[in-house]
Structure formats: structure tokens, C-alpha cells
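Asker: Here is my input, please return the structure:
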Amino acid sequence: MNGEKINVIAITPTSVTLEVENDFPYYLMSTKKEWDVYLNHTFVKKIQSNVFSIFDLSPDTTYLVEVKDQNQELIMNIKTCEVKYFLDVRKFGAKGDGIHNDTLAIQTAIMACPTDGLIIVPPGEYLVTTLFLKSDTKIELKKGALIKASTNREHFPILPSVLSSNDGTPENEYFLGSWEGDPFDNFASVITGINVQNVLLYGEGTVDGCAHLSDWWINHKVVRIAYRPHLLFLKGCDKVQVLGLTFQNSPSWTLHPFYSSNLSFLDLKIENPKESPNTDGLNPESCRNVEIVGVVFNVGDDCIALKSGKIYMARNHYQPCENVTIRNCLMKYGHGAVVIGSEMSCGMKNIQVEKCYFLETDRGIRIKTRRGRGNKARIDQLEVSNIIMDGVLTPLVMNMFYFCDPDGKTEYVYSKEALPVTDLTPSLGKFKFQNIICTNVAISAGFFYGLKEAPIESISLENVSFRYQDNPSPGYPAMMSFIEKRSKEGLYFHNVQEVILKDVTIEGQDGLPIVTNNVQNFVQMKKGEKNA
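Answerer: Numbers count the residues shown, from 1 in each chain. Alright, predicted model coming up:
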């Protein structure tokens with residue numbers, strides 16, 4: 001642990017969340033590395049992660065935290081935040097028996113809470129429909145507390161897609177409901193924040209959407225009354241912190257921040273069954289200044305999917321998704337570990353992904369777009385570093401022919417010829433990948449396919465290695481029309497302005513390790529060489 005140190009990344013009245021600063025991914029299964037955590041010299045727990053929380057602390061109190069292994073001891077003093085009032089939801093009438101509807105009781109506690117108060121949800125099962133957050137509120141779900149969503153969709157309120165302004169112009173309309181990048185009526189989510197700020201939602205408790213007990217996943221493409229809810233939806237919110245909790249069995253995208261800013265998602269567990277439809281883990285859409293740190297994903301769709309709406313939103317409510325940090329996370333068994341798009345018509349920029357572990361996801365870093373997303377749909381300044389991928393079928397994908405939407409398989413989308421550049425043409429900028437180890441690759445090490453009329457600008461890989469499974473099943477590296485299944489393919493670049501490879505190793509592929517088509521500038525260097 002030479003050179004390592006420990007940092008506080010969140011502190012509340014009754015908990016602290018810490019991060020060990022080093023170069024290791026969040027969860028190193030192969031090394032079985034463990035650390036012992038002590039509080040005031042008393043052993044608390046063993047951890048295998050760089051991010052961890054300690055709960056059940058007293059407000060306005062100083063503690064000594066020690067993190068030890070055989071070689072080093074990291075020490076830090078922390079002081080919890082002050083709080084004046086505790087509001088136990090049971091005193092507001094909540095039963096916590098899983099039978100009575102506790103929505104109104106908990107909502108009353110939320111609305112009654114002063115700025116220097118803390119709402120406590122003690123152990124128990126709390127049946128609810130939708131809980132609406134309020135500004136300047138702190139809520140703690142204690143260990144053993146279960147927020148349990150109703151299984152009857154008719155019990156949920158609806159967020160209308162848009163409310164027209166007096167002048168009737170789209171840019172002045174008030175939009176609320178959203179589904180996959182367009183304004184549509186949505187059921188309000190289990191926990192919903194609309195235009196709130198300074199909110200803390202934390203604890204060791206669980207929020208359960210109970211979709212496995214309802215009909216949310218049955219005939220999921222049929223819209224019944226409105227589109228499916230999330231477990232947490234934040235619209236127009238600022239300075240929201242969510243930490244420590246478990247979210248599970250979501251009806252659709254689990255956590256959906258939407259046109260919000262200054263958000264932290266720390267030390268969470270997000271779990272949905274492998275076959276559950278559209279149950280992405282965390283999808284910031286048109287959000288600014290987002291940190292996702294120490295989150296464990298095990299979901300039925302993409303683990304993290306960054307989005308910024310479709311063309312209607314770009315034309316009328318333009319806001320890119322920008323300044324996003326993803327660090328020390330574990331992604332297990334999802335379709336994609338970190339995905340950008342395909343709804344990204346407002347664009348993306350300044351995305352950092354580092355020190356994460358991807359385990360048996362279909363794809364690792366996946367960028368997907370298509371003609372029709374628009375000329376504001378530019379993805380740029382993506383940097384990915386210190387990543388371990390094990391059993392990821394295709395570690396790196398950039399696909400500008402993604403065949404989604406009703407028109408996704410039309411010639412306009414699938415044509416590989418150079419079409420005219422218009423206000424519907426998206427673009428991909430500069431992308432850097434470094435210090436990445438990929439083992440048990442199956443389909444393709446990297447599949448990069450740009451538009452002929454708008455090639456990907458720059459792809460740089462440095463100190464990246466790929467090693468394949470022995471006998472993998474063939475599969476498609478990307479969701480695009482008219483491509484064949486592949487197996488043990490190397491790096492494939494098509495329609496890219498610049499490719500720079502430095503110290504890249506590919507072991508066990510079938511065929512050529514690197515294939516380039518319409519690559520204007522290709523540079524390959526070994527370790528120690530410099531680009532002339």
C-alpha cells in the first residue's frame with residue numbers, strides 16, 4: 001500500500017464514506033486483497049474495496065478511522081455533521097409492517113422536516129407508491145429498513161410529458177415525463193425529486209421496486225396508462241447525494257437523474273435480475289457534474305448509460321451531459337459496463353472512467369449513436385484508465401450505425417456510403433484508453449465503426465492488453481445492420497481519422513490482430529517509442 005492515502009468523500013450526521021487512493025480497481029477478485037477497518041481502535045469490518053462506509057455514528061462527533069493491512073496503516077480523524085432534530089417516520093403514523101400503505105406518513109415526515117432535521121426510517125417494511133423529496137432534507141434508511149413499492153400501477157401518480165407555456169413555444173414548455181430520450185407521460189418513481197436542492201438520501205436500507213412481483217416486466221413494450229417508473233427520478237435537481245443504499249427490482253431504469261447537476265452516487269448496490277427488461281443501473285441524462293464512485297452493478301441491461309435525449313430535446317431543451325466521473329465501480333453481468341448513448345442528441349463531453357472492474361458484461365466501454373441524432377450529438381473528451389475487464393465479450397465498441405428506434409433499420413441509418421452531412425449528422429471526437437487489461441475476450445477486442453461522411457476523429461490506446469477465451473461462441477460486436485457474427489477478432493477500425501496504438505498487445509486472436517479500413521493516420525508504437 002505504498003504511497004496510498006485515505007480520503008473522505010462524504011460525511012453525514014451518522015456516517016462517513018471513505019476512499020483509499022491508489023491505482024487498483026474497486027474490486028480485485030484475483031488478489032483477494034483485504035483491509036481491516038477500525039473506529040476508535042475498535043475493529044469494524046473487513047473490506048475488499050477502495051470505497052466503504054461506516055454507519056451508526058453520532059452527530060457532531062470526532063472519530064479516529066484506521067485502515068490496515070500487513071504492510072501499512074492509514075489513519076484519519078473525521079467529524080460527523082451536526083443535526084438538531086430526529087424525525088422517526090413511525091411517529092408520523094408509518095407502520096412498517098409491509099401491509100399498510102405508509103406513503104402518506106413518510107411524506108408527512110418529509111414535508112415537516114426542518115433544515116436542521118434528519119428523517120429516520122427504522123427497520124421494517126414500508127409499503128409505498130411515490131415519495132416526493134423536498135429541498136434541504138436529509139433521509140436515512142437504517143439497516144433493515146425496506147422501502148417496498150406497490151405492485152399496482154394504478155396507485156402511482158403520473159408525470160405529464162410536457163405542459164405548454166402561454167406563448168406555445170416548445171422551448172418554453174415545462175417538461176416532466178420522459179422515456180428513452182423523448183418527452184412521454186411517465187409514472188412517478190418510487191422516490192421522486194422535482195426541482196429540489198440540497199438533498200441527502202443515505203443509509204444501509206433498501207429500496208425495492210417489487211417489479212418481480214408485479215406486471216411491470218410482463219409485455220413491457222406495451223404502454224399501459226404511462227411509461228414505467230424508476231426507483232429514483234431526479235428532474236431539475238441540484239446538489240443531491242445518494243449513498244450506501246441498495247436499489248433492486250426496478251420496473252425500468254433504476255436511477256434516472258434528468259436535467260440535474262452536482263450529483264453524487266456513492267457506495268451503492270444496484271441489483272436487478274439478469275433477464276429483466278430495460279433495468280439499466282444508473283442513467284444520468286443531460287446532467288452536469290456527476291460523480292459515480294464505489295457503486296456495484298448487477299443488472300438486466302446497461303450498468304451505467306450516459307444520455308442526453310433525442311433530437312426533439314436537443315432542438316428545444318439543449319443541455320449536454322458533461323463533467324461525469326465514474327471511479328472504483330464494479331460492473332457485473334450487464335449488457336454494457338459504461339455506455340454512452342444512443343440517446344445523446346445534446347452531446348457528451350468530459351467523461352472520466354477509471355479504476356473500475358468489469359466482470360462478464362456483454363461489452364465494456366460502449367458508444368452508440370446513429371444518423372438522426374443531430375449535429376449537436378457530439379461525444380468528445382472521453383478518457384478511460386486503469387480498468388480490468390474479465391469475460392467481457394467485446395471490451396471496446398464505437399458504433400455509429402446503432403439500429404434503434406422505429407426507423408433504426410432504414411437505409412438512412414444502415415447505409416455504409418457517405419451521405420450528405422446535415423443537421424441530423426452526429427459526430428465522435430477524441431477518445432483515450434490507457435492501462436487496461438482485458439482477459440477472456442470472446443467476440444472482438446475492439447470494434448470501431450464511424451460514418452463515412454463523419455469519421456471518428458481520434459482513438460488512442462496505450463498500455464492495453466487483450467487475451468481471448470479458448471473456444472468462445474461467435475456473436476455480434478455491435479448492434480448494427482448487415483454485419484456478421486465474429487469470434488476472437490482483434491482490433492477493427494473503420495472510418496477513423498486517427499488511430500494511435502502504444503504498447504498494445506493482442507494474444508490468441510484468429511486472423512490479423514489489427515484491421516483498418518479508411519483510417520487516415522495510423523500510428524503503432526512499442527513501449528518507450530515516441531510518436532514522431
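Asker: so what's residue 181 up against?
Answerer: 285, 307, 309-310, 313, 343, 345 (C-beta atoms under 8 Å, 6 or more residues apart in numbering). Bear in mind the C-beta positions are built from the backbone N, C-alpha and C, glycine included.
Asker: Residue 321 now?
Answerer: 284-288, 306-308, 344, 346-348.
Asker: how about it, phi and psi?
Answerer: Here the main-chain torsion angles of residue 321 (degrees, to the nearest 10) amount to phi -100, psi 120.
Asker: which residues does it bridge with?
Answerer: residue 348 (DSSP bridges).
Asker: Likewise for residue 378?
Answerer: residue 427.
Asker: That one contacts residue 427, doesn't it?
Answerer: Yes: with contact defined as C-beta atoms under 8 Å, residue 378 and residue 427 form a contacting pair (4.7 Å).
Asker: quick one on the thing from earlier: Serialize the contacts of residue 181 to CSV and add fields for secondary structure and pLDDT.
Answerer: Putting the contacts of residue 181 into CSV (DSSP: H, G, I helix; E, B strand; the rest coil; pLDDT from 0 to 100) gives the following:
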residue, secondary structure, pLDDT
285, strand, 98
307, strand, 98
309, strand, 97
310, coil, 97
313, helix, 96
343, coil, 96
345, coil, 98
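Asker: most neighbours, which of the residues you listed?
Answerer: Neighbour counts for these peak at residue 309, which has 32 neighbours (criterion: other C-beta atoms under 10 Å).
Asker: That one - nearest residue in space that isn't next to it in sequence?
Answerer: Closest residue to residue 309 apart from its sequence neighbours, by C-beta to C-beta, 6 or more residues apart in numbering: residue 181 at 4.7 Å.
Asker: Likewise for residue 154?
Answerer: residue 225 (7.3 Å).
Asker: so who does that neighbour touch?
Answerer: 153-154, 158, 187.
Asker: Which of the residues you listed sits closest to residue 33?
Answerer: Comparing these against residue 33 with C-beta to C-beta places residue 187 closest, at 42.9 Å.
Asker: Beta-bridge partners for the closest one, please?
Answerer: Under the criterion used (DSSP bridges), residue 187 bridges to residue 158.
Asker: how many neighbours does it have?
Answerer: 27.
Asker: Look up how far residue 283 lies from it.
Answerer: Going from residue 187 to residue 283 by C-beta to C-beta, to the nearest Å gives 16 Å.
Asker: List the buried residues of stretch 418-431.
Answerer: 419, 424-428, 430-431 (16 or more other C-beta atoms under 10 Å).
Asker: ditto for stretch 341-349
Answerer: 341-348.
Asker: and if you look at stretch 19-29?
Answerer: Buried residues in stretch 19-29 (16+ other C-beta under 10 Å): 19-20, 22, 24-27.
Asker: which secondary structure element contains the residue nearest to residue 345 when sequence neighbours are not counted?
Answerer: Spatial nearest neighbour of residue 345, excluding adjacent residues (C-beta to C-beta, 6+ apart): residue 314 at 3.7 Å. Element membership for residue 314 (DSSP states H and E) is helix 311-316.
Asker: Dump that helix to PDB, restricted to CA.
Answerer: Only the C-alpha atoms of helix 311-316 are listed here, as PDB (Å, rounded to 0.1, in the frame of the first residue of the first chain):
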ATOM      1  CA  ILE A 311     -33.400  15.300 -31.500                       C
ATOM      2  CA  TYR A 312     -36.500  17.000 -30.100                       C
ATOM      3  CA  MET A 313     -34.800  17.700 -26.800                       C
ATOM      4  CA  ALA A 314     -31.700  19.000 -28.500                       C
ATOM      5  CA  ARG A 315     -33.700  21.400 -30.600                       C
ATOM      6  CA  ASN A 316     -35.900  22.700 -27.800                       C
END
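Asker: Just checking the distance from that helix to the centre of its chain.
Answerer: The chain centre lies 23 Å from the centre of helix 311-316; the measure is C-alpha atoms, centre = their mean, to the nearest Å.
Asker: mind listing what's buried in it?
Answerer: Those would be 311-316, for helix 311-316 by 16+ other C-beta under 10 Å.
Asker: Need the residues that contact it.
Answerer: With C-beta under 8 Å, 6+ apart, helix 311-316 has contacts from 170-171, 173, 181-183, 286, 308, 345-347, 372-374, 376-377, 424.
Asker: Could you do stretch 241-248 as well?
Answerer: Contacts of stretch 241-248 (C-beta under 8 Å, 6+ apart): 10, 12, 15, 17, 53, 55, 141, 199-209, 231-232, 254-255, 263-272.
Asker: looking at the chain, which helix or strand does the model trust least?
Answerer: strand 162-163 (a mean of 92; mean pLDDT, DSSP states H and E).
Asker: list the helices and strands that one packs on?
Answerer: strand 174-175 (3 or more C-beta pairs under 8 Å, 6 or more residues apart in numbering; DSSP states H and E).
Asker: Adjacent strands (with direction) for the strand it packs on?
Answerer: strand 162-163 (antiparallel).
Asker: Please state the offset of the strand it pairs with from the chain centre?
Answerer: Worked out by C-alpha atoms, centre = their mean, strand 162-163 lies 27 Å from the chain centre.
Asker: can you map out the helices along this protein?
Answerer: Along the chain, counting by DSSP state H, helices occupy 103-112, 311-316, 411-414.
Asker: So for residue 333, which of those sits nearest?
Answerer: Comparing these by C-beta to C-beta, helix 411-414 comes nearest, at 29.1 Å.
Asker: List of residues touching the closest one?
Answerer: With C-beta under 8 Å, 6+ apart, helix 411-414 has contacts from 370-372, 401, 403, 407, 419, 480-482.
Asker: Mark which of the residues you listed are buried, thanks.
Answerer: 370-372, 401, 403, 419, 480.
Asker: For the residues you listed, could you give me TSV that also reports pLDDT?
Answerer: Formatted as TSV, the buried ones among the contacts of helix 411-414 follow (pLDDT from 0 to 100):
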residue	pLDDT
370	97
371	98
372	97
401	98
403	95
419	98
480	97
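Asker: any weak-confidence spans in the stretch 201-350 of the chain?
Answerer: Applying pLDDT under 70 to the stretch 201-350 of the chain flags no residue at all.
Asker: what comes up buried for stretch 508-524?
Answerer: 509, 513-514, 519.
Asker: Please apply the same query to stretch 97-106.
Answerer: Neighbour-count burial for stretch 97-106 [16+ other C-beta under 10 Å]: 102-103, 105-106.
Asker: What distance do you get for residue 253 to residue 487?
Answerer: Taking C-beta to C-beta, one finds residue 253 at 32 Å from residue 487.
Asker: which of these two has more neighbours?
Answerer: Neighbours per residue (other C-beta under 10 Å) separate residue 253 from residue 487, with residue 253 holding more: 28 against 17.
Asker: residues touching the more buried one, list them.
Answerer: 230, 278-280, 283, 305.
Asker: What about the residues you listed, which are in strands?
Answerer: residue 305 (DSSP state E).
Asker: Save the contacts of residue 253 as JSON lines, and put in distance to residue 397 and neighbour count too.
Answerer: Below are those laid out as JSON lines (distance: C-beta to C-beta, whole Å; neighbours: other C-beta atoms under 10 Å):
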{"residue": "230", "distance to residue 397": "26", "neighbour count": "28"}
{"residue": "278", "distance to residue 397": "20", "neighbour count": "22"}
{"residue": "279", "distance to residue 397": "21", "neighbour count": "31"}
{"residue": "280", "distance to residue 397": "17", "neighbour count": "27"}
{"residue": "283", "distance to residue 397": "18", "neighbour count": "25"}
{"residue": "305", "distance to residue 397": "13", "neighbour count": "26"}
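Asker: Return the member of the contacts of residue 253 nearest to residue 219.
Answerer: residue 278 (12.8 Å).
Asker: Can you tell me the closest non-neighbouring residue to that closest one?
Answerer: residue 252 (4.8 Å).
Asker: tally of neighbours for the one you found?
Answerer: Other residues close to residue 252 by other C-beta under 10 Å number 28.
Asker: show me the contacts for residue 499.
Answerer: With C-beta under 8 Å, 6+ apart, residue 499 has these contacts: 458-460, 493, 516, 519, 521-523.
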